[in-house]
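Trainee: Coordinates for the following, if possible.
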Amino acid sequence: MEDKYKALLRRMFDAAVAAAQPALCVPPYLPAKAPKRLVVIGAGKASAAMAKAVEDHWQGELSGLVVTRYGYGVPCNRIEIVEAAHPVPDEAGHAAAQRMMELAQSLTEEDLVLCLISGGGSALLPLPLEGLSLEDKQAVNRALLASGATISEMNCVRRHLSGIKGGRLAVACHPARVVTLLISDVPGDNPIDIASGPTVADPTTCEDALAILRRYDVQVSPAVRAVLESGRGETVKPDDPRLAGIETHIVAAPRLALDAAAAVAREAGIPAYILGDSIEGEARDVGKVMAGIALQVAEHAHPFQTPCVLLSGGETTVTVRGKGRGGRNVEFLLSLGIALNGHPSIHAIAGDTDGVDGLEEIAGAVLAPDSLARAWAKGIKPKDSLDANDGHGFFEALGDSVVTGPTLTNVNDFRAILILPKT
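Mentor: You can find the predicted model right below:
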């Protein structure tokens, strides 16, 4: 890949991440001074950075507890930061969730609660319902991650097995006033799907959760099935009076990140078009579709003239069948590359804005016209890598991985396809 195109794509990705930094998006939404004290709670990959933004802009009494992913902690003086595992929960997250519920239950009507929620919060607050164990929750999480279920479907199941999600944290805070600030990482920006909605009402049911398990043939323990079949896992519904008056604000979302990337492209003199910020589906299928659109533009200048950049976001899924290292962004990119078959005018980047694609500490990768040729020269067969769900292995071997380290935010996946004029 010519360095200037690779650099442009990377600048777009970096701009998308920067646009969603809590230091920029949290302060405008902070409430007026609390009547007595402000108590901060929350969870997610961006929650520690969100807490730091609160500390930097709040002059009154302040305390609290937030949970973030290992490596995503930010030093705070008045708010305790706990790190725990993601995407499969661990005991550190479990203990923190228990402490958070105890803190919530100690609040009074004179307190103001600021709940900071971002993507990843669902795994970081694993508080099983009575009768379930952390091991039950871990097993369900692993099975859902490998099933191909959408993030909305996964979170529906999680809510109905949780003692803290699906509005239960807000109920525990009652009668305190609750203001929730959300950084969205889900298609459609539905608050109930962001970290499984600990402070918002849930219209879905236990039967919905069971239907999802059946749809994807997810095997669960007898204890999990009993919770759902008995209705004991039912969440807090929209008409619950304890949720009346709760304020919920989305402070950053995927569209904001795509707009920032589009601005970078336009500054470079290249028109940018946003195809959508909530695209879902199997990563390899989305790759094929995007390749079809890109080829139409490259070969026929339709529906856009070249040069141009096609931007999209959302959260694809990967149904794991192989034994590779996974990653939905690199799976998308590898599928895109195979379908493009080395087209000389098309370059691309795909990455997760939290810096972690799948289970790897790698955000994503870049694709060049010569990527497939370089792989073959190394004895790597692209289709075999795709069949093995080994996008990370493929792009790492080429030296084309995108590694950012913890970005301290999370507004879902970012994809950019750069299409140049025919030469």
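
Trainee: Just read off the phi/psi values of residue 255.
Mentor: Per-residue torsions, residue 255: phi -60, psi -40 (degrees, to the nearest 10).

Trainee: Same question for residue 197.
Mentor: Residue torsions, per degrees, to the nearest 10, at residue 197 are phi 60, psi 60.

Trainee: my guess is residue 264 contacts residue 12, does it?
Mentor: Yes: counting by Cβ atoms under 8 Å, residue 264 touches residue 12, with 4.8 Å between them. No exception for glycine: its C-beta is placed from N, CA and C like everyone else's.

Trainee: neighbour count winner among these two?
Mentor: Per other Cβ atoms under 10 Å, whichever of residue 264 and residue 12 has more neighbours is residue 12, with 26 against 21.

Trainee: list the contacts for the more buried one?
Mentor: Residues counted as contacts of residue 12 (Cβ atoms under 8 Å, 6 or more residues apart in numbering) are 261, 264-265, 309, 311, 349, 414, 416.

Trainee: now, which of those lie within helices?
Mentor: Mapping these onto helices (DSSP state H) picks out 261, 264-265.

Trainee: residue boundaries of the strands in the stretch 251-400 of the chain?
Mentor: Along the stretch 251-400 of the chain, counting by DSSP state E, counting those that start in this stretch, strands occupy 272-279, 308-314, 346-352, 364-367.

Trainee: Rebuild the ones in helices among the contacts of residue 12 as JSON lines, extending it with pLDDT and distance to residue 339.
Mentor: Shown next, in JSON lines, are the ones in helices among the contacts of residue 12 (pLDDT from 0 to 100; distance: Cβ to Cβ, whole Å):
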{"residue": "261", "pLDDT": "98", "distance to residue 339": "23"}
{"residue": "264", "pLDDT": "98", "distance to residue 339": "26"}
{"residue": "265", "pLDDT": "98", "distance to residue 339": "23"}
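
Trainee: name the element residue 42 belongs to?
Mentor: Under the criterion of DSSP states H and E, residue 42 resides in strand 37-43.

Trainee: Mind listing what's buried along that strand?
Mentor: By neighbour count on 16 or more other Cβ atoms under 10 Å, the buried set for strand 37-43 is 37-43.

Trainee: Then residue 180 would be within a strand, right?
Mentor: Yes: the assignment for residue 180 by DSSP: H, G, I helix; E, B strand; the rest coil puts it in a strand.

Trainee: Please name the residues that touch the residue lying closest to residue 199 once chain neighbours are set aside.
Mentor: Spatial nearest neighbour of residue 199, chain neighbours left out: residue 170 (3.9 Å); criterion: Cβ to Cβ, 6 or more residues apart in numbering. Residues near residue 170 by Cβ under 8 Å, 6+ apart: 115, 178, 180, 198-200, 236, 242-243, 246.

Trainee: What of residue 401?
Mentor: 362, 364-365, 392, 395.

Trainee: if you set the cut-off to 10 Å instead, what comes out?
Mentor: 327, 330, 351, 357, 360, 362-366, 391-395 (Cβ atoms under 10 Å, 6 or more residues apart in numbering).

Trainee: got it, and residue 205?
Mentor: Residue 205 neighbours (Cβ under 10 Å, 6+ apart): 156, 160, 211, 228, 231, 233-235, 237.

Trainee: For the residues you listed, which two are the farthest from each other?
Mentor: The largest separation in these, counting by Cβ to Cβ, is between 211 and 237 at 18.1 Å.

Trainee: Quick one: neighbours of residue 29, just the number.
Mentor: By the criterion of other Cβ under 10 Å, residue 29 has 17 neighbours.

Trainee: quick one: it and residue 181 touch, right?
Mentor: Yes: the pair residue 29 and residue 181 passes the contact test of Cβ atoms under 10 Å, sitting 5.4 Å apart.

Trainee: Now name the helix or strand holding residue 213.
Mentor: Secondary structure (DSSP H and E) places residue 213 in helix 206-215.

Trainee: And that helix, what's buried?
Mentor: For helix 206-215, by 16+ other Cβ under 10 Å, it's 206, 208-210, 212-213.

Trainee: how far does whichever helix or strand comes after that helix sit from the chain's center?
Mentor: Per DSSP H and E, the first helix or strand lying C-terminal to helix 206-215 is helix 222-230. Taking Cα atoms, centre = their mean, to the nearest Å, one finds helix 222-230 lying 28 Å from the centre of the chain it belongs to.

Trainee: And the contacts of helix 222-230?
Mentor: 128-133, 135-137, 139-140, 157, 160-161, 205-210, 213, 218-221, 232-234.

Trainee: Helix 206-215 and that one, what's the angle between them?
Mentor: 130 degrees (axes from the mean of the first three to the mean of the last three Cα atoms, to 10 degrees).

Trainee: So that it lines up with my notes, have the first residue be 18 from now on.
Mentor: Happy to do that; since the first residue is 18 now, the last one works out to helix 239-247.

Trainee: Would you indicate which residues of helix 239-247 are buried?
Mentor: Within helix 239-247, the residues that qualify as buried are 241, 244-245, counting by 16+ other Cβ under 10 Å.
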